[in-house]
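Asks: Please work out how this folds:
(chains A and B)
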Protein chains: 2
Amino acid sequence: MPEIRKDGIVERWVVFSPERLRRPLQYNQHPPEPADEPDPFAEGRENYTPPEVFAVRNPGTAPNGPGWKVRVVPNSFPALRVEGELRKDAVGLYDKMSGVGAHEVVIETPLAGVELEQQPLENIVNVLQAYRARLADLAKDARFRYLFAFKNVGALAGASMRHAHSQIMALPVIPINIREKLDAAREYYAQKDRNLFEDILRAELKSGERLVFQNAGFGAFCPFASRFSFEVTILPRQQRAHFHLCTDHELVLLADILRKVLLAYRVGLERPDYNLILHTAPVRLRKSENWDTLESDFRWHIEIFPRLSGVAGFEFGTGFYINPMFPEDSAKFLREVKTDA
Amino acid sequence: MPEIRKDGIVERWVVFSPERLRRPLQYNQHPPEPADEPDPFAEGRENYTPPEVFAVRNPGTAPNGPGWKVRVVPNSFPALRVEGELRKDAVGLYDKMSGVGAHEVVIETPLAGVELEQQPLENIVNVLQAYRARLADLAKDARFRYLFAFKNVGALAGASMRHAHSQIMALPVIPINIREKLDAAREYYAQKDRNLFEDILRAELKSGERLVFQNAGFGAFCPFASRFSFEVTILPRQQRAHFHLCTDHELVLLADILRKVLLAYRVGLERPDYNLILHTAPVRLRKSENWDTLESDFRWHIEIFPRLSGVAGFEFGTGFYINPMFPEDSAKFLREVKTDA
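Replies: Numbers count the residues shown, from 1 in each chain, chains lettered A, B, ... in the order given. A predicted model of the protein is given here:
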């Protein structure tokens, strides 16, 4: 059974999941390229994965057989287990809890060798609908406080499978990274009576120097203090704290801008390894927390960054980053990539 | 000129240093192994580096010539520049400051192909004395608030040079990672009238299940919520907030335990890439901060972790980690490695 432990000094939790040791371990100098033979995510190999929890299917096809466009299944090597009660314990000075959570895989296409951004817009919308459906469903489970989706592409970004996929996780605790954003958003609203994310989006749309793309629903820009060269934040124009409350129309516009960013990466940076993270508001706060303005204070958003450079002693020691490229230059580069999209 | 920018939402600063672009960029899938031909850190090639700012030398040898054991020089590709005034500015919503700081390289041996842990104890002590001397010297500069040392070994840990070396940095701002530790230490002391680090060290020495090594000056253990398999924290028994105030005797005991840990890595894990970070107290707090118990609240310490697995979407999204191995198992493994040391 996995276990979640809190650091003795800082607000950092670590998921201990010995089952993950069943995956091939990377004790060599370079992470291996993700293997995919036989590809357990391909159409016709549905029995290689646990039974699906969601799918977008052709009419008349049966679950766990061929005929799907997007398929969500529990992770075969889950970091957290969905069964069991959430128990919290002290261990001497320290705190731990049982490793209860969810860990699912969104298989983005039945085809091997096709990346998310190479698909027609409609299929990208299907993937985003899968995120929304799973987050909405997991939100009902009273054991979970935080849900999010992320995507690791390539070995340097932590992917162990090559077939296009994302991951969905549910956690019984609110991550420190989100907590810091929530606190900042709440404090800003309390001080200025304005939404922090709205102010940032307006400033970026107005100045334009860090703007990469925009459409009727979203702005995509390289953030002022980008951790990585070509890092992009996608912010919705519509105020919503929770991604899973997005409308169909919003998902179409999101698919459009996401595809543009990923195509600019693909063409301009020659298909870099990258991470994509969907940050959304917690589905449950601590019982002691009374925060009735969450819906107006915080706004869901997406962060994407290619892994062109490593994370080293400076970053681990400080929590800060060194970036050789100003975001104004990154944005200009990405805007000018010719993608024919 | 480098620039330091603060994120618009969270307390995260990023150093923008376009000069680092002069280093070979890693746009390929796998970071290249550090190159070293010709080795600019070897004895006899002192003119390949900027003039030394500290050295442990054989009697009668002249600065910037052969005859040294440890040599500290400014980084040829500095992330921060030591010249100039510290200016702070607003940019619309955002904050930035000039990229003033120090970035130095500690060349740990005149010999190529010899790692820190392969050297006689006396040479490791020389390296630690170099850390102490440089931190003590940089502490005098009123522009700097935080000083620290770190070591990246191997491409996966961010090293671009193979010759054994560490880095020293001075920053005009206190990193968030340290700020969180300082806050925790202060709060703990205020609540319990006891030092948090002392309590952790005592608990680890007493239980022993996560203890790796100990000597008269230090305990080395795998922390309760280790982020990485085989992660080790080295805590001093002697209460000191600042590393640069250590005595010679303490440095000898530190060299001894550090060598044991690194030899256990080398033999047991087949010379993994790793990061080492020396966390010490800030040399200057904000003017508004009145904290006269810093010396008793906080304790300097070292964190070391092999880079056997990557940092992926989960870690970036949450600030949390997934670790397949419990620290009790990591500690047992490291204790039992036969190093003949």
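
Asks: How about the stretch 51-200 of chain A: which residue is closest to chain B?
Replies: A:G158 (2.4 Å; C-beta to the nearest C-beta). The C-beta positions use only the backbone N, C-alpha and C, and glycine is treated the same way.

Asks: Read off the pLDDT value for that residue.
Replies: Per-residue pLDDT puts A:G158 at 92.

Asks: That one contacts B:G317, doesn't it?
Replies: No - under the criterion of C-beta atoms under 8 Å, A:G158 is not in contact with B:G317, lying 11.3 Å apart.

Asks: and the nearest residue to the residue of the stretch 51-200 of chain A closest to chain B once chain neighbours are set aside, how many neighbours does it have?
Replies: Of all residues not flanking A:G158 in the chain, B:A312 sits nearest, at 2.4 Å (C-beta to C-beta, 6 or more residues apart in numbering or on different chains). Using other C-beta atoms under 10 Å in any protein chain shown, B:A312 has 22 other residues around it.

Asks: B:A312 and A:L276: what is the separation?
Replies: Computed as C-beta to C-beta, to the nearest Å, the B:A312 to A:L276 distance reads 11 Å.

Asks: who's in contact with the residue lying closest to A:I277 once chain neighbours are set aside?
Replies: Nearest residue to A:I277, sequence neighbours excluded (C-beta to C-beta, 6+ apart): B:G317, at 4.1 Å. Neighbouring residues of B:G317 by C-beta atoms under 8 Å, 6 or more residues apart in numbering or on different chains: A:148, A:150, A:175, A:177, A:277, A:279.

Asks: Strands - which of the residues you listed land there?
Replies: A:148, A:150, A:277, A:279 (DSSP state E).

Asks: Wait, the third one touches B:E315, no?
Replies: The one in question is A:I277. No - contact criterion C-beta under 8 Å: A:I277 and B:E315 do not qualify, at 10.0 Å.

Asks: the strands in the stretch 201-341 of chain A, which residues?
Replies: Here the stretch 201-341 of chain A has its strands, by DSSP state E, counting those that start in this stretch, at A:211-214, A:218-221, A:232-236, A:274-279, A:301-306, A:321-323.

Asks: Partner strands of the last one and their direction?
Replies: Pointing back at strand A:321-323 there. Its sheet considered, strand A:321-323 pairs with strand B:13-16 (parallel) by DSSP bridges.

Asks: Now the strand it pairs with - C-alpha only, CSV.
Replies: Output in CSV follows, covering the C-alpha atoms of strand B:13-16 (Å, rounded to 0.1, in the frame of the first residue of the first chain):
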residue,chain,number,x,y,z
TRP,B,13,12.5,34.4,-8.7
VAL,B,14,14.1,33.6,-12.0
VAL,B,15,17.6,34.6,-13.0
PHE,B,16,17.7,35.6,-16.7
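
Asks: what does it contact?
Replies: A:225-227, A:320-326, B:2-7, B:79-80, B:99, B:101, B:173, B:175-176.

Asks: cool, and stretch A:334-341?
Replies: A:211-213, A:222, A:230, A:232, A:259-261, A:263-268.

Asks: what about 6 Å?
Replies: Residues from elsewhere that reach stretch A:334-341 (C-beta atoms under 6 Å, 6 or more residues apart in numbering or on different chains): A:212, A:260, A:263-264, A:267-268.

Asks: which two of the residues you listed lie the greatest distance from each other?
Replies: Within these, A:V212 and A:V267 form the most distant pair, 13.5 Å apart (C-beta to C-beta).

Asks: and the two? which has more neighbours close in?
Replies: More crowded of A:V212 and A:V267, by other C-beta under 10 Å: A:V212, with 25 against 16.

Asks: residues contacting A:P66?
Replies: Applying C-beta under 6 Å, 6+ apart, the residues near A:P66 are A:43-44.

Asks: What helix or strand is it located in?
Replies: Element membership of A:P66 [criterion: DSSP states H and E] is none; it lies in no helix or strand.

Asks: thinking again about what came up before, let me have the contacts of B:G317 in CSV, extended by distance to A:V105, pLDDT and neighbour count.
Replies: Formatted as CSV, those follow (distance: C-beta to C-beta, whole Å; pLDDT from 0 to 100; neighbours: other C-beta atoms under 10 Å in any protein chain shown):
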residue, distance to A:V105, pLDDT, neighbour count
A:F148, 14, 97, 25
A:F150, 11, 98, 24
A:P175, 20, 94, 24
A:N177, 22, 94, 19
A:I277, 16, 98, 22
A:H279, 20, 97, 21
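
Asks: which one among those residues gets closest to B:E46?
Replies: A:N177 (44.3 Å).

Asks: in the stretch 51-200 of chain A, which spans are strands?
Replies: Applying DSSP E, counting those that start in this stretch to the stretch 51-200 of chain A gives strands spanning A:54-57, A:68-74, A:88-91, A:94-98, A:102-107, A:146-153, A:165-171.

Asks: Switch the ones you listed over to a markdown table; also include distance to A:Y131.
Replies: Converted to a markdown table, the strands of the stretch 51-200 of chain A look like this (distance: least, C-beta to C-beta, whole Å):
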| stretch | distance to A:Y131 |
| --- | --- |
| strand A:54-57 | 10 |
| strand A:68-74 | 9 |
| strand A:88-91 | 29 |
| strand A:94-98 | 26 |
| strand A:102-107 | 7 |
| strand A:146-153 | 5 |
| strand A:165-171 | 7 |
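
Asks: I'd like to know which of the ones you listed is closest to A:F197.
Replies: Across these, the minimum distance to A:F197, taken as C-beta to C-beta, is reached by strand A:146-153, at 16.6 Å.

Asks: List the neighbouring strands of that closest one plus their orientation.
Replies: strand A:165-171 (antiparallel), strand A:274-279 (antiparallel).

Asks: Tell me the buried residues within the contacts of strand B:13-16.
Replies: For the contacts of strand B:13-16, a neighbour count by 16 or more other C-beta atoms under 10 Å in any protein chain shown gives the buried set as A:225-227, A:320-326, B:2-7, B:79-80, B:99, B:101, B:173, B:175-176.

Asks: and those residues, which of them are in helices?
Replies: B:I176 (DSSP state H).

Asks: interface residues of the stretch 151-300 of chain A facing chain B?
Replies: Neighbours of chain B within the stretch 151-300 of chain A, by C-beta under 6 Å from any C-beta of the partner chain: A:152, A:157-158, A:175-177, A:180-181, A:184, A:200, A:203, A:224-225, A:227, A:275, A:277.

Asks: Mind picking the two most distant members of those?
Replies: A:G158 and A:A203 (32.2 Å).

Asks: Point out where the stretch 201-341 of chain A drops to low pLDDT.
Replies: Applying pLDDT under 70 to the stretch 201-341 of chain A flags the ranges A:341.

Asks: now the helices for it?
Replies: Ranges of helices in the stretch 201-341 of chain A, per DSSP state H, counting those that start in this stretch, are A:248-268, A:294-297, A:313-318, A:327-336.

Asks: Of these, which stretch is the most buried?
Replies: helix A:313-318 (a mean of 24; mean count of other C-beta atoms under 10 Å in any protein chain shown).

Asks: distance of A:D7 from A:I176?
Replies: Taking C-beta to C-beta, one finds A:D7 at 10 Å from A:I176.

Asks: and what of A:L285?
Replies: According to C-beta to C-beta, A:L285 and A:I176 sit 15 Å apart.

Asks: And for A:R186?
Replies: Counting by C-beta to C-beta - A:R186 and A:I176 are separated by 15 Å.

Asks: Break chain A into its domains for me.
Replies: Per automatic domain parsing, the structural domains of chain A span A:1-173, A:175-341.

Asks: Dump these to CSV, plus distance to B:E46.
Replies: CSV is the format used below for the domains of chain A (distance: least, C-beta to C-beta, whole Å):
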stretch, distance to B:E46
domain A:1-173, 30
domain A:175-341, 25
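
Asks: Identify whichever of the ones you listed lies nearest to B:D39.
Replies: Short answer: domain A:1-173, nearest of those by C-beta to C-beta, at 19.8 Å.
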